[in-house]
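> I need the structure of the sequence given here:
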Amino acid sequence: MKIKLYLTTTLAISALLLVTSCSKKPQTIEEKAKAEVQSFFDAIDKGEVLTYLYNSDYVEDREFLNQVVNTAAKNLDEDIYNQAMQTLGSFAEVIDIQSDNISLQIIDSLKEINELEEFTTEETIDAHTQSINSGVDSISEALKTTSQIKFEDLHKHNAFEKLITKFDKSASAILSMYIFSLGGPKSADDLTFIKVDEATVSITYKDYYDSPLFLRMNNGKWELYEDIDDEEMICFKLNHEEKLEILKDISDEFKIDTSDSESEYEKAKIIQSLKLIENSFTPLKEKMEYETFEKNIGALLMMLMMQM
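Numbers count the residues shown, from 1 in each chain. Alright, predicted model coming up:
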């Protein structure tokens with residue numbers, strides 16, 4: 001009995017060691033950096049890129065992000081906010097209705113850019129039509145989601161964290177489309193990772209060796225740099241004075257004092273402008289041929305420029 005138990009235990013331990021040794025865990029600094037970068041691409045594929053960034057090493061003060069939203073909400077005028085969201089919802093409706101035409105416009109623009117600075121082939125652009133369509137649909141969805149955010153939700157203590165969960169999926173699809181439009185990488189396998197020192201790795205894409213990024217491991221956390229000798233990381237890291245200045249700027253930007261007639265007039269003018277913009281979307285709220293769409297877009301842009 002003891003021999004049988006001994007053999008069973010030995011076999012179990014051996015199997016565990018075999019599985020552990022076969023599961024390829026990152027060992028070198030290059031492998032660890034590649035795994036970190038791949039987690040970013042995985043988050044895009046899963047539709048969770050905002051959550052990934054929010055919880056990553058690159059965001060140091062998450063509570064401050066909630067303070068930014070709360071400060072904006074505290075100084076926003078509720079009537080202006082509600083009209084702005086109504087106008088934004090109308091814009092989302094236009095993008096939804098004209099999604100096919102917008103996708104065609106993006107594809108034509110990419111082909112024109114590709115003729116000037118070849119980053120891919122026309123066949124590759126055409127092959128990614130579905131991805132571009134999905135990106136446009138995601139923009140519409142993101143704007144629609146934004147327009148449905150209630151004024152009181154912006155005052156909650158975890159407002160920013162709640163907001164990113166609403167936009168994760170659409171933001172991931174938009175980012176995926178954007179990376180493709182720049183001819184960017186699809187995964188960490190498309191990048192080159194070169195060890196600089198025991199804690200630092202340079203990351204390059206294709207033959208762009210003159211502009212690498214640098215990942216550095218510092219006290220168990222990743223730090224991202226544009227220059228290996230740069231002291232400033234690419235991350236959301238602010239000192240106390242910078243935070244206070246940002247909050248003050250937000251407060252000054254959004255605050256409208258309606259205690260006098262002049263301020264009331266300014267408020268009414270803003271709301272009226274938002275209504276005019278919303279009404280200008282009406283011609284685009286029906287299906288149309290691409291040529292008609294282009295003409296209507298030109299007229300809309302002219303009107304918006306006059307409003308601004």
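> surely Ile179 touches Asp190?
No. With the criterion set as CB atoms under 8 Å, Ile179 and Asp190 do not qualify as a contacting pair; they are 10.4 Å apart. C-beta here means a position set from N, CA and C on the backbone, and glycine is covered the same way.
> which parts of the stretch 101-250 of the chain are strands?
The residue ranges that make up the strands of the stretch 101-250 of the chain, judged by DSSP state E, counting those that start in this stretch, are 191-195, 200-205, 213-218, 221-225.
> what about Ile179 and Asp190, which has more around it?
With neighbours defined as other CB atoms under 10 Å, Ile179 and Asp190 compare such that Ile179 has more, 14 against 11.
> dump the residue contacts of the more buried one.
Going by CB atoms under 8 Å, 6 or more residues apart in numbering, Ile179 touches Ile44, Pro185, Lys186.
> nearest to Lys275 among those?
Set against Lys275, the nearest of the contacts of Ile179 by CB to CB is Ile44 (37.2 Å).
> low-confidence ranges in the chain?
Counting by pLDDT under 70, the chain has low-confidence residues at 1-26, 116-121, 181-182, 207-211, 230-236, 258, 307-308.
> related to what we said a few turns ago, buried subset of the contacts of Ile179?
Of the members of these, the ones counted as buried by neighbours, 16 or more other CB atoms under 10 Å, are Ile44, Pro185.
> can you put the strands of the stretch 101-250 of the chain in CSV and add mean neighbour count and distance to Ala171?
Shown next, in CSV, are the strands of the stretch 101-250 of the chain (neighbours: other CB atoms under 10 Å; distance: least, CB to CB, whole Å):
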stretch, mean neighbour count, distance to Ala171
strand 191-195, 16, 22
strand 200-205, 19, 22
strand 213-218, 18, 21
strand 221-225, 17, 19
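> any chance you could list what contacts stretch 259-275?
Outside stretch 259-275, the residues within contact range by CB under 8 Å, 6+ apart are Asp77, Asp79, Ile80, Gln83, Ala84, Gln86, Thr87, Ile256, Asp257, Thr258, Gln307.
> just the buried ones from those residues?
Neighbour counting with 16+ other CB under 10 Å marks Asp77, Ile80, Gln83, Ala84, Thr87 as buried within the contacts of stretch 259-275.
> now, the most widely separated pair of those?
Checked with CB to CB, these reach their widest spread between Asp77 and Thr87, with 14.6 Å between them.
> on that earlier part again, now tabulate the contacts of Ile179 in CSV and tack on distance to Ala199.
Listed next are the contacts of Ile179 as CSV, based on distance: CB to CB, whole Å:
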residue, distance to Ala199
Ile44, 26
Pro185, 23
Lys186, 27
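> send over stretch 242-257 as PDB, restricted to the C-alpha atoms.
Listed in PDB are the C-alpha atoms of stretch 242-257, where the atom choice follows Å, rounded to 0.1, in the frame of the first residue of the first chain:
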ATOM      1  CA  GLU A 242      -0.300  69.600 -11.800                       C
ATOM      2  CA  LYS A 243      -3.400  67.900 -10.500                       C
ATOM      3  CA  LEU A 244      -4.700  71.100  -8.800                       C
ATOM      4  CA  GLU A 245      -4.000  73.100 -12.000                       C
ATOM      5  CA  ILE A 246      -5.900  70.600 -14.200                       C
ATOM      6  CA  LEU A 247      -8.900  70.600 -11.800                       C
ATOM      7  CA  LYS A 248      -8.900  74.500 -11.800                       C
ATOM      8  CA  ASP A 249      -8.700  74.600 -15.600                       C
ATOM      9  CA  ILE A 250     -11.700  72.200 -15.900                       C
ATOM     10  CA  SER A 251     -13.700  74.200 -13.400                       C
ATOM     11  CA  ASP A 252     -13.000  77.500 -15.200                       C
ATOM     12  CA  GLU A 253     -13.800  76.000 -18.600                       C
ATOM     13  CA  PHE A 254     -17.200  74.500 -17.700                       C
ATOM     14  CA  LYS A 255     -18.500  76.900 -15.100                       C
ATOM     15  CA  ILE A 256     -21.300  79.300 -16.200                       C
ATOM     16  CA  ASP A 257     -22.600  81.800 -13.700                       C
END
